[in-house]
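Asks: Below are the sequence and a predicted model; questions follow.
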Amino acid sequence: MDFYITQINSNEVLKYIGYKGGDIDNKIEYDIKILSDEVIKISKPKVCFKVFSFDSNFVFEGTNFIPNGKDVKEMLKECSKAVIMAATIGNDIENIIRRYEITDMYKALILDSCASAAVENLCDNFQNWLEEELKGMFLTDRFSPGYGDMPFKQQKQICSILNTQKSIGVSLSQSGIMIPRKSVTAVIGISNKPQNKRFRGCEYCSMFKNCSFRKEGSYCGKF
């Protein structure tokens, strides 16, 4: 199954480059649009995944994998199965970011931020597809190693279970960083009842660019 990057959330890009609210320079908005289009054109998105049952101790069937941390177990408590997934947009965009880092750090920053937002869109598109495939079932949020109290080191277990190096060309450095960098792993629960989703953040709010809370350096309290 092929998955694609369909759009890049400009608000998410602004968040990554440090936007805190207030007026946005027209040039920045224009450059985000142009470089977003470049990321979509250059990226080579790939996704791999497996579905597992798990027992009352959260041991995934056929593996010794247990998603560690109170938060991820709380997310899975009403689930009978779970998906382990990995996604990447490939190495080509990394090479271009490195070239910009030598010649134009401004563009390098925006391009890097666009690429990060692109990975999120790829994961969203996969999750939307999965929800359509599992008609009558409901998905949780996705939960990645390093988020909340789930240990970052579990990235290695997920990559091993999915054999990501062979399946989508993703490996890990000695320090556990994914190569290519614009790659993610995650756990998604599958339940027979609707699941509450967490508030995704300011960048998904319609008031992102005009929020009085952000202009004052605070938040509305939704997350």
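Replies: Structure's in. What do you need?

Asks: from here on, contacts and neighbour counts on C-alpha atoms
Replies: Will do.

Asks: hmm, which helix or strand of the protein has the shakiest average pLDDT?
Replies: Ranking every helix and strand in the chain by mean pLDDT, DSSP states H and E puts helix 212-215 at the bottom, with a mean of 41.

Asks: those strands in the chain, which residues are they?
Replies: Counting by DSSP state E, the chain has these strands, from start to end: 46-53, 81-88, 138-143, 171-172, 178-179, 183-191.

Asks: Show me what the biggest helix by length in the chain packs onto, helices and strands only.
Replies: Looking across the chain with DSSP state H, the single longest helix is helix 105-133. Other helices and strands packing on helix 105-133, by 3 or more C-alpha pairs under 8 Å, 6 or more residues apart in numbering; DSSP states H and E, are helix 10-16, helix 26-42, strand 81-88, helix 92-103.

Asks: Figure out how far the first one is from the centre of its chain.
Replies: In this case it means helix 10-16. 14 Å (C-alpha atoms, centre = their mean, to the nearest Å).

Asks: buried sites along it?
Replies: 10, 11, 12, 13, 14, 15, 16 (16 or more other C-alpha atoms under 10 Å).

Asks: Show me the shaky parts of this structure.
Replies: Along the chain, segments meeting pLDDT under 70 span 198-223.

Asks: separation between the spatially most central residue of the chain and residue 183?
Replies: Nearest residue to the geometric centre of the chain (C-alpha atoms, centre = their mean): residue 120, 3.8 Å. To residue 183, residue 120 is 9 Å away according to C-alpha to C-alpha, to the nearest Å.

Asks: dump the residue contacts of residue 163.
Replies: For residue 163, the contact set (C-alpha atoms under 8 Å, 6 or more residues apart in numbering) is empty.

Asks: how near is it to residue 156?
Replies: 10 Å.

Asks: ok, now residue 117?
Replies: Where residue 156 is concerned, residue 117 sits at a distance of 23 Å (C-alpha to C-alpha).

Asks: Which one's more surrounded, these two?
Replies: residue 117 (25 against 17; other C-alpha atoms under 10 Å).

Asks: Show me what the residue nearest to residue 168 when sequence neighbours are not counted bridges to in the sheet.
Replies: Nearest-residue entry for residue 168: residue 46, 5.9 Å, with adjacent residues in sequence omitted and distances by C-alpha to C-alpha, 6 or more residues apart in numbering. Beta-bridge pairing for residue 46 (DSSP bridges): residue 88.

Asks: Over to the one 4 residues further on?
Replies: Note on residue 50: beta-bridge partners by DSSP bridges are residue 84.

Asks: Does residue 170 touch residue 48 like I think?
Replies: No: the pair residue 170 / residue 48 is not scored as a contact, 10.4 Å apart, by C-alpha atoms under 8 Å.

Asks: Need the overlap of contacts for those two.
Replies: The contact lists of residue 170 and residue 48 share residue 164, where a contact means C-alpha under 8 Å, 6+ apart.

Asks: neighbour count winner among the two?
Replies: Between residue 170 and residue 48, residue 170 has the larger neighbour count (other C-alpha under 10 Å), namely 24 against 19.

Asks: State the distance from the more buried one to residue 163.
Replies: For residue 170 relative to residue 163 (C-alpha to C-alpha), the value is 9 Å.

Asks: just residue 45 next, same as before
Replies: Remark: distance between residue 45 and residue 163 (C-alpha to C-alpha) = 17 Å.

Asks: how far out from the middle of the chain is stretch 177-193?
Replies: Taking C-alpha atoms, centre = their mean, one finds the center of stretch 177-193 at 7 Å from the center of the full chain.
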